[in-house]
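Trainee: based on what follows, work out the 3D shape:
(2 chains)
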Protein chains: 2
Amino acid sequence: MSETVTVCEVGPRDGLQMAKTIMPTAVKARWIAAIAAAGVPEIEVGSFVPPKLIPQMADTAEIVREAVRLPGVQIVALAPNLRGAQNAYEAGAHRISVPVSVSEGHSRANLNRTPAEQVAEVARVVAWVRAQPRAMQVEGACSTAFGCSIDGVVPTAAVVRVASGLAEAGVDSVGLADTVGYGHPAQIKDVVRAVRAAIGPRLEGLHLHDTMGLGLANALAGLEEGIRSFDSALAGLGGCPFAPGASGNIVTEDLVFMLESMGFSTGIDLEKLIAARAILHAGLPAEPMHGNVPKAGIPRTYHPAGRAAA
Amino acid sequence: MSETVTVCEVGPRDGLQMAKTIMPTAVKARWIAAIAAAGVPEIEVGSFVPPKLIPQMADTAEIVREAVRLPGVQIVALAPNLRGAQNAYEAGAHRISVPVSVSEGHSRANLNRTPAEQVAEVARVVAWVRAQPRAMQVEGACSTAFGCSIDGVVPTAAVVRVASGLAEAGVDSVGLADTVGYGHPAQIKDVVRAVRAAIGPRLEGLHLHDTMGLGLANALAGLEEGIRSFDSALAGLGGCPFAPGASGNIVTEDLVFMLESMGFSTGIDLEKLIAARAILHAGLPAEPMHGNVPKAGIPRTYHPAGRAAA
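Mentor: The predicted structure is shown next:
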């Protein structure tokens, strides 16, 4: 029996919101269905933000309504505030991810609030969600937890403060995001240890970017600290507005290859996952596609733990 | 005081031998000088193989003779046999790296010898080198130590057998090479532990390829097992003949960024290192240039351990 690691595909949200063109809704739905059919257990399909700000996310309600009918997959949506949470609930999302920037500069630029004000908003979101008839999970996502392109170094104590605030606000889980991809493995370990010491097993996931090429090394560092939930994007979609040419989220295909090779079970069929790249490419032909495993081909030494256990 | 990690730049050897065109000797010499000027402590500058087999390496003797005059840098050359070792000695190389493929299939295809026959050749090389008036170090490099595109899975016991043979042959150091880039972090740790148990501190370096995108994660795994010497190539030059489109050796720029960020000292000036890419590009304009740090730019959160200690 191999241990399970949960991969949450965030390409349709974090990947697409950086794209230069808009993926048609029908293609997006087909793409999400293909990812789910490959066995990916969780997909973050969109963001309930004003369409004026991020036009790529204008169809999120429609996408969520369609995606929640897919069998066996948790559908996640980003919701930056109570209004977004209410829209996500109405569309039927299984989980929302509410971001709180740890760094003041990013918080003001991205949410026009201080971190403390945004933690208070999360508390309002949790209170509202708990009062509804249907259950919906709430994840608090600590953005810029490993560095900030505006404020620079982010102290571990600041991450612990925000994570503790989120735990007190009653979120189901807390995630740590290397939003700009400045983190390194030793830092990942330090911050994970410090946050876990403060909030225990409520710390669940890591959201990593490959800006500096350290994405999978950082994932390994998290894995070694007991993290069993990782966000990633097909083809490493995403990029970083502050780093032209940089790749985006860690590449789902390469992450799955690493995890399964190491003996963890993801439940994901790597060949089907790679096949889903064609839909992404059809929907966004100008977008660069990252990922080494798809380019090199799956070697015949690959023995997926998930498939062997099945 | 930060701990030192030794980076050996192998682009001029392992990178260039895969290139579609030949880098002019004068450009190659300038490129090597620029890498040395960035503080890289070791450079593998070429390979003493028949020019008919690898035309890119035809100027190796000339390149070695020039490179050994650069101050403060160890000049390494690959030598597959006694003849190559003699030529390297004559040119003034500080160290030779003699490859032994762990897998039978790769050994026959690459060297036309069994692993045991090649270990015997290494013993002849060591005996000859020790009888010369000038000291020259001999590294035994275990190729295909983590997988083989011909034989598939490579058993750890086979790596231990070859590494032990090399130690008995009297080499100064043993390196483990993931020649085709099939290795994963758990495997790196297992094999490093097993080889160290057999030959102790004579196990020195790891030579990793980024074929599957796991290169830096594998380096981290080695680092955590106490490895303090890594081969890498500027711009991840190299590729793999069995994986079209795959990147080659791990990227020196990203490796140095990771190591220095984690508090290790490499002695390398990352800005100067990145500047050396321009010479590589001038010499091989058609070759793809990998590396995330050069594309994203060095973030201002970067605090190199080496520079702080200087």
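Trainee: pretty sure A:Gly152 contacts A:Val180?
Mentor: No - using Cβ atoms under 8 Å, A:Gly152 makes no contact with A:Val180, being 10.5 Å away. The way it works is simple: take the backbone N, C-alpha and C, and place the C-beta from them, glycine included.
Trainee: these two - which one has more neighbours?
Mentor: Using other Cβ atoms under 10 Å in any protein chain shown, the more surrounded residue of A:Gly152 and A:Val180 is A:Val180, with 27 against 13.
Trainee: that one and A:Gly205, how far apart?
Mentor: 18 Å (Cβ to Cβ, to the nearest Å).
Trainee: what does A:Glu121 give?
Mentor: Noted for A:Glu121: a distance of 20 Å to A:Gly205, by Cβ to Cβ.
Trainee: which one's more surrounded, the two?
Mentor: Comparing A:Glu121 with A:Gly205 by other Cβ under 10 Å, the one with more neighbours is A:Gly205, at 23 against 19.
Trainee: beyond the helix or strand encompassing that one, next helix or strand please.
Mentor: Applying DSSP states H and E as the criterion places A:Gly205 in strand A:203-207. Next helix or strand after strand A:203-207 toward the C-terminus (DSSP H and E): helix A:215-224.
Trainee: list phi and psi for A:Ile96.
Mentor: A:Ile96 has phi and psi values of phi -120, psi 150 when expressed as degrees, to the nearest 10.
Trainee: that one and A:Ala88 touch, don't they?
Mentor: Yes - using Cβ under 8 Å, A:Ile96 is in contact with A:Ala88, at 4.8 Å.
Trainee: what residues are shared contacts of these two?
Mentor: The contact sets of A:Ile96 and A:Ala88 overlap at A:Ala77, A:Ala79, A:Met136 (Cβ atoms under 8 Å, 6 or more residues apart in numbering or on different chains).
Trainee: might you report the residue contacts of the last one?
Mentor: Read that as A:Met136. A:Ala88, A:Tyr89, A:Ala93, A:His94, A:Arg95, A:Ile96, A:Val129.
Trainee: repeat the analysis, applying 7 Å as the threshold.
Mentor: Contact analysis of A:Met136 by Cβ atoms under 7 Å, 6 or more residues apart in numbering or on different chains lists A:Tyr89, A:Ala93, A:His94, A:Arg95, A:Ile96, A:Val129.
Trainee: the second one too?
Mentor: When contacts are counted by Cβ under 7 Å, 6+ apart, A:Ala79 touches A:Phe48, A:Ala85, A:Ala88, A:Ile96, A:Val98.
Trainee: who does the residue positioned nearest the centre of chain A bridge with?
Mentor: Chain A has A:Asp231 as the residue nearest its centroid, 3.7 Å off, counting by Cα atoms, centre = their mean. Judged by DSSP bridges, the bridge partners of A:Asp231 are A:Cys8, A:His207.
Trainee: which residues in chain A form strands?
Mentor: Along chain A, counting by DSSP state E, strands occupy A:6-9, A:42-47, A:74-78, A:95-101, A:137-143, A:173-177, A:203-207, A:229-232.
Trainee: got the angle for the fourth one vs strand A:137-143?
Mentor: Here strand A:95-101 runs at 30 degrees with respect to strand A:137-143, directions being taken by axes from the mean of the first three to the mean of the last three Cα atoms, to 10 degrees.
Trainee: now strand A:95-101 - C-alpha only, CSV.
Mentor: Coordinates of each C-alpha in strand A:95-101 appear next as CSV, following Å, rounded to 0.1, in the frame of the first residue of the first chain:
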residue,chain,number,x,y,z
ARG,A,95,-14.4,24.1,-1.7
ILE,A,96,-13.3,27.7,-1.9
SER,A,97,-9.8,29.0,-1.5
VAL,A,98,-9.6,32.5,0.1
PRO,A,99,-6.3,34.2,-0.3
VAL,A,100,-4.6,36.3,2.3
SER,A,101,-1.3,37.9,1.3
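Trainee: in the stretch 51-200 of chain A, what residue is nearest chain B?
Mentor: Using Cβ to the nearest Cβ, the single residue of the stretch 51-200 of chain A nearest to chain B is A:His184, 3.9 Å away.
Trainee: burial count for that residue?
Mentor: The burial count for A:His184: 26, using other Cβ under 10 Å.
Trainee: give me the pLDDT value at it.
Mentor: What the model reports as pLDDT for A:His184 is 97.
Trainee: next, the buried residues of stretch A:172-188.
Mentor: By 16 or more other Cβ atoms under 10 Å in any protein chain shown, the buried positions in stretch A:172-188 come out as A:172-188.
Trainee: residues contacting A:Ser229?
Mentor: With Cβ under 7 Å, 6+ apart, A:Ser229 has these contacts: A:Thr6, A:Cys8, A:Glu204, A:Gly205.
Trainee: return the distance of it relative to A:Leu237.
Mentor: Per Cβ to Cβ, A:Ser229 is found 19 Å from A:Leu237.
Trainee: state the pair within the contacts of A:Met136 that is farthest apart.
Mentor: A:His94 and A:Val129 (11.9 Å; Cβ to Cβ).
Trainee: so between those two, which is more surrounded?
Mentor: A:Val129 (24 against 19).
Trainee: distance of A:Val64 from B:Glu66?
Mentor: 64 Å.
Trainee: near chain B, which residues of the stretch 51-200 of chain A show up?
Mentor: Within the stretch 51-200 of chain A, the positions adjacent to chain B are A:Gly147, A:Gly152, A:Val153, A:Tyr182, A:His184, A:Pro185, A:Ala186 by Cβ under 7 Å from any Cβ of the partner chain.
Trainee: which pair in those residues spans the largest distance?
Mentor: Farthest apart among those - using Cβ to Cβ - are A:Gly152 and A:Pro185, which lie 19.5 Å from each other.
Trainee: does A:Ser164 touch A:Ala198 like I think?
Mentor: Yes - between A:Ser164 and A:Ala198 there is a contact at 5.1 Å, judged by Cβ atoms under 7 Å.
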